[in-house]
Structures are given as C-alpha cells and as structure tokens.
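Peer 1: Quick one: sequence and predicted model below, then my questions.
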Amino acid sequence: MPNLKARLDQDRSVLTSSYASDGHIYGIPSLLMDYGAAQFNSHMYINKEWLDKIGKPVPTTVDELTDVLRAFKGEDFNGNGEADELPYSATIVDGSNCSIWTLLNCYGIPTDGNTFFSINEEGKVTFDPYYPGFRPAVEWLHTLYEENLMDVETLTQPVSNVTNKIANGLVGVFPQWRLINMGIDNTVDTYVEFAPVAAEGYQPKMYSKLSLATPAIYITKDNQHVEETCRWLDAQLEKEIMLNTFYGEQGEHWDYNADGLAEILREGDAAAGECMGVNSFYYMNADWYAENMFLIDQNKERQVDQANDVAAGCLQTYPNGMLGCVTLSSDDNYTVSLLLTDIQTAVNEFVTKAIVSGITDDDWNEFMNICASLQVDEYCSIYQKGLDNLLNK
C-alpha cells in the first residue's frame, strides 16, 4: 500500500493512536488532519516595529528577551503621551491559548499548561514541576512581574482582554495560536513569530500535538483476496479519487488552481457535507495537505510557524497526546482522575503566588512536599506503564 505508507512515513505518530488495548492494530487508519492546527500549541510573537525603534534584533535567549522587554518598558511607541504600552501580556487562566505557560518552554518544559504532566525526551512521563528548569522558569516570571515587564492583569484576565490589547497596539510580546483570524488581523504586518528563546543551560521544548487516527477499514478473516483488497484500498488514496469521494466532483466542489493545488470551491470544507465524505477512505496528514492543497492564509501561517520551530529543534519528540492513547483500567482511570484536580489546583496556586512574591527555599520545599502528598509519582507511574507499552510497539 504505497500511498498509505508514504503518508504514514510523514507522521508516524498516527500509528500510536491506532493500537487496540491488546497491542494489535486491527484496522487501516483513516485521518482527516486538523491541518490548520498543525502539531503545536501557541507561538510567541514580538512587535517588530518596536524592535526597530529600540535598535535590537529578535531575541534568541532568555537574557536577550528580558533586555528587550526592559527596553520596551516606559516607551510611548503609539505617541499618545502615555506610557500605556505593555512589554509582555498573556493569560494564566487558559492553558493553551495566549498562555503564560508558553514561557516555560524556554526552560525545556513542554507543558500543555493544563494537566502539568508531559513526556520528556527519554519517553518518561514527568510532572512539570519536577523538570530541572521549573523553579528557574517561575523565578524568571517573578522577575518580569516585579520589574513591571509583565502585564499585571496576566494573572487574572481572560484571552479576550489580551486580544483587545494586542489589536490596539499595546503589547510588545505575547503568545497566540496565530495572527490571522484571531481578532488581531490588523497586526499581521507588525508582529513576527519567533521560536522559544533558550534559557542558559536548557534546550527549549514545545508541547506538540499527536495526530489522531481511527481504524476505519477492516478486512475480515473470510476475505480470500487480501492482497487485491489492499491494492484497491490504496487506490482510494490516489489524490483525485480521494478528493472526489470526499469533497465531491471535480469542477463543482473542488478543482486545481493556477498553481496546481487542489482548492475547495463554494463554501470551503463545508462543501464536504453535501458529499459522501463520511463514508470514504480519507487520509490526509498535515504535510500531505500542505503539499497538495491550497491553504487559506491562517493555515499557511501556521505551517510556516511550525517549520520555524521544527528547524529550531523545539518540538518535543514524544507528543503529550500519547498519554491520551494509553489504555487504563477502570481503577487506574478513577485514581488519576481523582488526583488530577488537586494537582492542578496546587500548581496553579503555587505559580501564581510565586510570580507575585518570588520563591524562597522554604516555599519550594513546602510545594515539593505538597506535590508528594498529592501522589504525583503514582500518577506518573500509572501512565508510564501504558506509555512504555505504546513506545515498545
């Protein structure tokens, strides 16, 4: 099945989500990739016009970024006679969008900002505060807060507030999914995306997403023509056959544009609802889609941003989404669900307080004791058993 194999080779993580609980793959996977989301969470963006005015390049280290934020502070870039510009703004109340947790990536922590459990480069389930860079990262956040380099409302404001400040040209640096179609389209020419800056002694790591597939095609044991069946199924993944069966007839629902890319006509992907797509063998991962399909601006932007982060070596090797593919017993599932709420609360409370007041050794030791009492090691152990099973396949 050369067509299927070529696309699996582009994203091997798809197979991870195709295993049954007994360790076997019973169905040929089908995948409609969320090509707009690509494989990452939020990016960092910086105001290039402000950078030019202070005569500094895009930062590549934590120290350089801190210096840039200090240079942004107190400047009246918009010329309204007030120093209302904010060097950095984000939110702590949303773990994935416009999130301050993105700054932990600079210290090698690929946190998702929600569960606070991630997979390190050795394939080990790790509690985010147990990473060596966690305490230094939070201490850096305190520095930003104490020096008024961070918007003080970061600890309380919703994403909508951050978006409004960005749209009004008040923010120097911020995290976000993308610039286009996020309520800040007017900033596209003002801001540039940059990879997580490196703290001294750490390799930045970003949380990356897992491509999830579902076993869609099954060949029964009574099939006397397995090879022919596989060849026929693989033919369904020829580009034009797949597009016609999913989107509808060429020329009516899709067609090639002047650049030779397949472009969805009429109301975009909504046209698929008029066709038989839900019953077709459809397999498009992000790379294949980007190579063969016309991308609208917002998705093209995210493809470019991801390429920058891949080139910088920032995407984690084992996507945290693998934990969602781990098969747990009913008892284990109950245990981790019970533990997670208290763990999340403890981390949020500690980080919020530490950003405002800083961290003493006593504060840190007390937090570590609290984490131990909340059985974070048990949580990691339960998921590690299932993850080892996946990684050994």
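Peer 2: That came in fine, so what should we check first?

Peer 1: can we go C-alpha only for contacts and neighbour counts from here?
Peer 2: Will do.

Peer 1: What pLDDT is listed against A235?
Peer 2: Looking at A235, its pLDDT reads 93.

Peer 1: Also G74?
Peer 2: Predicted confidence (pLDDT) for G74: 90.

Peer 1: let's have the chain start at 423 instead
Peer 2: Will do, 423 is the new start, and the previous item becomes G496.

Peer 1: residues contacting the nearest residue to it once chain neighbours are set aside?
Peer 2: Sequence neighbours aside, A505 is the residue nearest to G496 in space, at 5.2 Å (criterion: Cα to Cα, 6 or more residues apart in numbering). By Cα atoms under 8 Å, 6 or more residues apart in numbering, the contact set of A505 is G496, E497, D498.

Peer 1: show me what contacts the last one?
Peer 2: This points to D498. Neighbouring residues of D498 by Cα under 8 Å, 6+ apart: E504, A505, D506, E507.

Peer 1: With T767 instead?
Peer 2: Contacts of T767 (Cα under 8 Å, 6+ apart): none.

Peer 1: That one sits in which helix or strand?
Peer 2: Taking DSSP states H and E as the criterion, T767 maps to helix 752-779.

Peer 1: what's the helix or strand immediately after that helix in the chain packed up against?
Peer 2: Downstream of helix 752-779, the first helix or strand assigned by DSSP H and E is helix 783-795. If you count contacts as 3 or more Cα pairs under 8 Å, 6 or more residues apart in numbering; DSSP states H and E, helix 783-795 packs onto helix 752-779.

Peer 1: from the middle of its chain, how far away would the helix it packs on be?
Peer 2: Centroid separation for helix 752-779 versus its chain: 21 Å, with Cα atoms, centre = their mean, to the nearest Å.

Peer 1: just to revisit the earlier point, go through the contacts of A505 and name the one nearest S511.
Peer 2: Nearest to S511, judged by Cα to Cα, of the contacts of A505 is G496 at 14.8 Å.

Peer 1: pretty sure that closest one is touching E569, no?
Peer 2: No - G496 lies out of contact with E569 (Cα atoms under 8 Å); the separation is 11.4 Å.

Peer 1: In terms of neighbours, single out the busier of the two.
Peer 2: Neighbours were counted for G496 and for E569 using other Cα atoms under 10 Å; G496 has more, 15 against 11.

Peer 1: Can you tell me the SS state at that one?
Peer 2: coil (DSSP: H, G, I helix; E, B strand; the rest coil).

Peer 1: That one and T488, how far apart?
Peer 2: 14 Å (Cα to Cα, to the nearest Å).

Peer 1: Which stretches in the stretch 573-722 of the chain count as helices?
Peer 2: Taking DSSP state H, counting those that start in this stretch as the criterion, the stretch 573-722 of the chain carries its helices at 581-589, 648-657, 661-669, 708-714, 719-733.

Peer 1: Packed most tightly, which of those would that be?
Peer 2: Ranked by mean neighbour count, the helices of the stretch 573-722 of the chain are led by helix 661-669 with a mean of 20 (mean count of other Cα atoms under 10 Å).

Peer 1: circling back to that earlier point, can you tell me which of the helices of the stretch 573-722 of the chain is nearest to N527?
Peer 2: Closest approach to N527 among the helices of the stretch 573-722 of the chain is made by helix 719-733 (11.8 Å; Cα to Cα).

Peer 1: and that closest one, how far out from the chain's middle?
Peer 2: 12 Å.

Peer 1: and it, what other elements does it pack with?
Peer 2: Looks like helix 719-733 contacts no helix or strand (3+ Cα pairs under 8 Å, 6+ apart).

Peer 1: Mind telling me what element E471 is part of?
Peer 2: Using DSSP H and E, E471 falls in helix 470-476.

Peer 1: Name the residues that touch that helix?
Peer 2: So helix 470-476 is in contact with P479, V480, V490, A493, F494, F499, G594, T612, Y613, V614, going by Cα under 8 Å, 6+ apart.

Peer 1: Redo the residues you listed as CSV? Include distance to D727 and neighbour count.
Peer 2: Converted to CSV, these look like this (distance: Cα to Cα, whole Å; neighbours: other Cα atoms under 10 Å):
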residue, distance to D727, neighbour count
P479, 18, 12
V480, 15, 19
V490, 21, 24
A493, 26, 18
F494, 24, 24
F499, 26, 17
G594, 18, 25
T612, 16, 14
Y613, 13, 22
V614, 10, 17
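
Peer 1: Now flag whichever of these is closest to M466.
Peer 2: Among those, V614 lies closest to M466 (Cα to Cα), at 8.4 Å.

Peer 1: Could you report the separation of that closest one from N608?
Peer 2: With distances taken as Cα to Cα, V614 is found 13 Å from N608.

Peer 1: And for L473?
Peer 2: From L473 to N608 the distance is 18 Å (Cα to Cα).

Peer 1: Nearest residue to T757 in space, please, no chain neighbours.
Peer 2: Distances taken as Cα to Cα, 6+ apart put Y801 closest to T757, at 8.0 Å, once the chain neighbours are dropped.

Peer 1: Pretty sure the one you found sits in a strand.
Peer 2: No - counting by three-state DSSP, Y801 is not found in a strand; it is helix.

Peer 1: Around E543, count how many other residues there are.
Peer 2: Counted with other Cα under 10 Å, E543 comes out at 14.

Peer 1: show me what contacts it?
Peer 2: By Cα under 8 Å, 6+ apart, the neighbours of E543 are Q738, T739, Y740.

Peer 1: in a strand, that's where the second one is, yeah?
Peer 2: When you say that, I think you mean T739. No - under three-state DSSP, T739 sits outside any strand and is assigned coil.

Peer 1: Let me know the pLDDT of it.
Peer 2: Note on T739: pLDDT of 85.

Peer 1: Report how many residues lie close to it.
Peer 2: T739: 16 neighbours (other Cα under 10 Å).

Peer 1: and if you look at the one 10 residues further on?
Peer 2: Per other Cα under 10 Å, the neighbour tally for T749 reads 20.

Peer 1: doesn't Y553 make contact with F538?
Peer 2: No - counting by Cα under 8 Å, F538 does not reach Y553; the two are 10.8 Å apart.

Peer 1: Please identify which of those two sits among more neighbours.
Peer 2: Shown here are F538 and Y553; by other Cα under 10 Å, F538 has more neighbours (20 against 15).
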